[in-house]
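Asks: Mind looking at a prediction? Sequence and model below.
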Amino acid sequence: MKNIFLFALSVFFISCAEKNNPADYDLTTRFEKSEGKQTATYDEVIKFYHDLDEAYISIKTYEIGSTDSGYPLTLVTFNPDRTFDSEFADDMQVTRLLINNGIHPGEPDGIDATMLLMRDLASGKIETPKNVWIGTIALYNIGGALNRNSTSRTNQNGPEEYGFRGNARNYDLNRDFIKADTRNARTFADIYHMINPDVFIDNHVSNGADYQYTLTHLFTQHDKLGGELGDYVHNDLQPQLEQRLAAEKWDITPYVNVFNQVPETGFSQFMDFPRYSTGYTTLWNTVGMMVETHMLKPYKPRVEGTYELMRNMIEIVEKDGDKITEMRKAANTILKSGAETGKSYNIAFAVDSSKVTKFTFKGFEGETMTSEITGKNRLKYNRNRPFERKISYYDNFKATASVTVPKSYIIPQGWHNVIDRLRENDIKLERIQKDTTMAVSVYHIADFKTRTSPYEGHYQHYDTNVEETVENITFRKGDFIVNTAQLGLRYLIETLEPAAADSFFNWNYFDTILQQKEGFSPYVWEDKALELLNNNADLKKKFEDKKAADESFRESWYAQLDLLHKHSPNYEKAHLRYPVFRISN
């Protein structure tokens, strides 16, 4: 992956020795010039960072990869120790913080706030953190940013113009980190694995209820993150951030996860599956959070609040950096050691209603009245009736399904789209050197449901169940063995186990196995089926028992013939057989 930076680094050697005078550049943002009413355009964002790069040695911009818009992503780094070896070297003794902006360009608060933050870090207005390396993706959804308008964020109070949620191909990029339909997601994977951040922040604006807060936070779900890192996020990092911001008169609340109902009835933490940015980064034990400013607050305080939150996070990361990096190192060492083989890995979660967190919530009274449009009841918040009230918050989850971690997976080489995704995520692969027959665990898809309407370019599957058998399978020279004892273990489980919420199976990567390719002509199969029954007493008994017990089966001649066909050597092995195989030990 490091070759993606070679061109930028060669330019860096030429340009970093001398920098121009910052006074030669207009580093005042559109946000500031408009007194907090406007957000920068894409071109203005990129020009700002290039100017900042020219003015300060501590700032460097890199153009990386491609996106669906045709433009590369711009990565901006703040690194006072500006040397080749330290910028991206794995052994640099720093805590790495990566900030993502503009994943939904109609929510541009983080774009403007981070421009101000990076400028103030470079200029010394903010004290330089000694052991924190900071990178930001200046604007992730370039296609959405170029689709500028002033109407698509129906519920939002400013800025005057902004980008659109969908990208250049109308994908919501914050659903694409696992399925990776977009070039944006694939370039993000390049950047993420090059940096290997310890902490990740993704800046957003909320939808939903009305309340008094400008700031809300959405930390990655701590039970899913697990271990010491999960405990640290829940018991240490989150309280620190809340207390620091409250001391600066920036009250903050957990993301208000309700829609068309009042929050004081209680709500649960949002579960960030791997399709989301923080769910994806969690797979490599990165501490992640989303900032969700409140859509109904004016734009100026939303940007200012995002700035203050990030500034405080930098201070916390500076203070706790050694602790964070050591916990990450320990967690990642376990993943790479093979110690997880044979252990249980949780792939599904539900709210644990037996554990309730109570906190004082600052809201507005919700009132039910008759709609003048529909004549039905409608909800309206009364801002003249603010309240502070203890509410129930459900921020603990329990596992509802798990799998046993195999020693390795085998993936036939024909599934090149799966292999491509693994390679993009730095998964180590080995090729089988000659045709080999071995005993492996085989999944057959027993049941699943499919969305009846399109979702992010897919008719996604869910509630997937499998049956497992052990079979002797012959693999070809060139097929892939993927050992799970590697840093990407969690990514492998979440993508290759069909029952996992964001598995490649559920995202339609394997839909061809769901269609039977060969069938039978009833008038031909009748005679062969009779011969099959006469030669197989056990099958004949099961067949007769099913006819006796199941009226619909008894009345359907085709269902009877189809069942027998599926129990015959004529039935194709590929139908419903999941083409990723497991080796347990």
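Replies: Received the coordinates, thanks. Residues are numbered from 1 along each chain as shown.
Asks: what residue is smack in the middle of the protein?
Replies: Note on the chain: the residue nearest the mean C-alpha position is Tyr276, at 2.5 Å, using C-alpha atoms, centre = their mean.
Asks: What distance do you get for it to Asp198?
Replies: 19 Å (C-beta to C-beta, to the nearest Å). All C-beta spots, glycine's among them, are computed from the backbone N, C-alpha and C.
Asks: wait, what's in contact with Lys125?
Replies: Arg119 (C-beta atoms under 8 Å, 6 or more residues apart in numbering).
Asks: can we see that at 10 Å?
Replies: 116-117, 119 (C-beta atoms under 10 Å, 6 or more residues apart in numbering).
Asks: swap in Thr214?
Replies: 109, 250-252, 293-294, 296-298, 301-302, 304-306, 308 are the contacts of Thr214 under C-beta under 10 Å, 6+ apart.
Asks: Among the residues you listed, which lie within strands?
Replies: Using DSSP state E, 252, 293 are the members of the contacts of Thr214 that sit in strands.
Asks: Would you mind writing the PyMOL command to select the buried ones in the contacts of Thr214?
Replies: Selection of the buried residues among the contacts of Thr214 in PyMOL, burial being defined by 16 or more other C-beta atoms under 10 Å:
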select buried, resi 109+250+252+293+294+296+297+301+302+304+305+306+308
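Asks: Which of the contacts of Thr214 fall in helices?
Replies: 109, 301-302, 304-306, 308 (DSSP state H).
Asks: Distance to Ala500 and pLDDT for those residues - can I get that in JSON lines?
Replies: What follows is those, written out as JSON lines (distance: C-beta to C-beta, whole Å; pLDDT from 0 to 100):
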{"residue": "Asp109", "distance to Ala500": "32", "pLDDT": "98"}
{"residue": "Pro301", "distance to Ala500": "40", "pLDDT": "98"}
{"residue": "Arg302", "distance to Ala500": "35", "pLDDT": "98"}
{"residue": "Glu304", "distance to Ala500": "40", "pLDDT": "98"}
{"residue": "Gly305", "distance to Ala500": "35", "pLDDT": "98"}
{"residue": "Thr306", "distance to Ala500": "33", "pLDDT": "98"}
{"residue": "Glu308", "distance to Ala500": "37", "pLDDT": "98"}
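Asks: Distance to Ala401 for those - can I get that in JSON lines?
Replies: Formatted as JSON lines, the ones in helices among the contacts of Thr214 follow (distance: C-beta to C-beta, whole Å):
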{"residue": "Asp109", "distance to Ala401": "37"}
{"residue": "Pro301", "distance to Ala401": "42"}
{"residue": "Arg302", "distance to Ala401": "38"}
{"residue": "Glu304", "distance to Ala401": "43"}
{"residue": "Gly305", "distance to Ala401": "38"}
{"residue": "Thr306", "distance to Ala401": "36"}
{"residue": "Glu308", "distance to Ala401": "40"}
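Asks: pull the longest strand from this structure.
Replies: strand 377-394.
Asks: Can I get that one in PDB, CA atoms only?
Replies: What follows is strand 377-394, C-alpha atoms only, in PDB (Å, rounded to 0.1, in the frame of the first residue of the first chain):
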ATOM      1  CA  ASN A 377     -52.200  13.300  15.400                       C
ATOM      2  CA  ARG A 378     -48.800  14.900  14.900                       C
ATOM      3  CA  LEU A 379     -45.800  15.600  17.200                       C
ATOM      4  CA  LYS A 380     -44.500  19.100  17.900                       C
ATOM      5  CA  TYR A 381     -41.800  20.200  20.200                       C
ATOM      6  CA  ASN A 382     -42.400  23.300  22.400                       C
ATOM      7  CA  ARG A 383     -39.200  25.200  22.700                       C
ATOM      8  CA  ASN A 384     -40.900  27.500  25.300                       C
ATOM      9  CA  ARG A 385     -41.100  24.500  27.600                       C
ATOM     10  CA  PRO A 386     -37.500  23.200  28.200                       C
ATOM     11  CA  PHE A 387     -36.900  20.500  30.800                       C
ATOM     12  CA  GLU A 388     -34.100  18.600  32.500                       C
ATOM     13  CA  ARG A 389     -35.200  15.100  33.400                       C
ATOM     14  CA  LYS A 390     -33.700  11.800  34.300                       C
ATOM     15  CA  ILE A 391     -34.100   9.300  31.400                       C
ATOM     16  CA  SER A 392     -33.200   5.800  30.600                       C
ATOM     17  CA  TYR A 393     -30.400   5.100  28.200                       C
ATOM     18  CA  TYR A 394     -29.700   1.500  27.000                       C
END
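Asks: Numbering from 206 from now on, please.
Replies: Noted, 206 is the first residue going forward, which turns the last one into strand 582-599.
Asks: ok, that strand: who's next to it in the sheet?
Replies: The pairing partners recorded for strand 582-599 under DSSP bridges are strand 472-473 (parallel), strand 562-575 (antiparallel).
Asks: what's the closest of those to Thr689?
Replies: Of all the strands paired with strand 582-599, it is strand 472-473 that lies closest to Thr689, at 31.2 Å by C-beta to C-beta.
Asks: name the element His398 belongs to?
Replies: Under the criterion DSSP states H and E, the helix or strand holding His398 is helix 388-400.
Asks: and that helix, average pLDDT?
Replies: On average, the pLDDT along helix 388-400 is 98.
Asks: which other helices and strands contact that helix?
Replies: Packing contacts for helix 388-400, counted by 3 or more C-beta pairs under 10 Å, 6 or more residues apart in numbering; DSSP states H and E, involve strand 264-269, strand 278-283, helix 289-293, strand 300-305, strand 337-342, helix 347-351, helix 482-487, helix 621-629.
Asks: So for Glu570, which of these sits nearest?
Replies: helix 482-487 (32.2 Å).
Asks: Flag the helix or strand of this structure with the lowest per-element mean pLDDT.
Replies: helix 211-220 (a mean of 45; mean pLDDT, DSSP states H and E).
Asks: quick one, domains of the chain?
Replies: 207-415+481-535, 611-721+780-788, 727-771 (automatic domain parsing).
Asks: okay, the ones you listed in a markdown table with distance to Asn551 next?
Replies: Shown next, in a markdown table, are the domains of the chain (distance: least, C-beta to C-beta, whole Å):
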| stretch | distance to Asn551 |
| --- | --- |
| domain 207-415+481-535 | 12 |
| domain 611-721+780-788 | 9 |
| domain 727-771 | 33 |
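Asks: what's the span of stretch 266-275 from first residue to last?
Replies: One end of stretch 266-275 to the other measures 18 Å (C-alpha to C-alpha, to the nearest Å).
Asks: any idea how far it is from the chain center?
Replies: Centre-to-centre, stretch 266-275 and its host chain are 20 Å apart (C-alpha atoms, centre = their mean, to the nearest Å).
Asks: which residues in the stretch 306-455 of the chain form strands?
Replies: Assigned by DSSP state E, counting those that start in this stretch, the strands in the stretch 306-455 of the chain fall at 337-342, 404-410, 420-424.
Asks: from those, which stretch is densest packed?
Replies: Across the strands of the stretch 306-455 of the chain, averaging neighbours per residue (mean count of other C-beta atoms under 10 Å) puts strand 404-410 on top, at a mean of 26.
Asks: which strands and helices sit next to that one?
Replies: strand 300-305, helix 314-328, strand 337-342, strand 420-424, helix 482-487, strand 492-498, helix 504-542.
Asks: State the mean pLDDT of it.
Replies: 98.
Asks: What strands line up against it, and which way round?
Replies: By DSSP bridges, strand 404-410 pairs with strand 300-305 (parallel), strand 492-498 (parallel).
Asks: Those into TSV, with extra columns for distance to Thr233 and mean pLDDT?
Replies: Converted to TSV, the strands paired with strand 404-410 look like this (distance: least, C-beta to C-beta, whole Å; pLDDT from 0 to 100):
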stretch	distance to Thr233	mean pLDDT
strand 300-305	21	98
strand 492-498	22	98
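Asks: quick one: Gly547 from Leu540, how far?
Replies: Separation of Gly547 from Leu540 (C-beta to C-beta): 14 Å.
Asks: Looking at the two, which one has more neighbours?
Replies: Remark: of Gly547 and Leu540, Leu540 carries more neighbours, 21 against 12, as counted by other C-beta atoms under 10 Å.
Asks: any idea how far the residue lying closest to the more buried one once chain neighbours are set aside is from Ala394?
Replies: Distances taken as C-beta to C-beta, 6 or more residues apart in numbering place Leu694 nearest to Leu540, at 4.5 Å, with adjacent residues excluded. According to C-beta to C-beta, Leu694 and Ala394 sit 16 Å apart.
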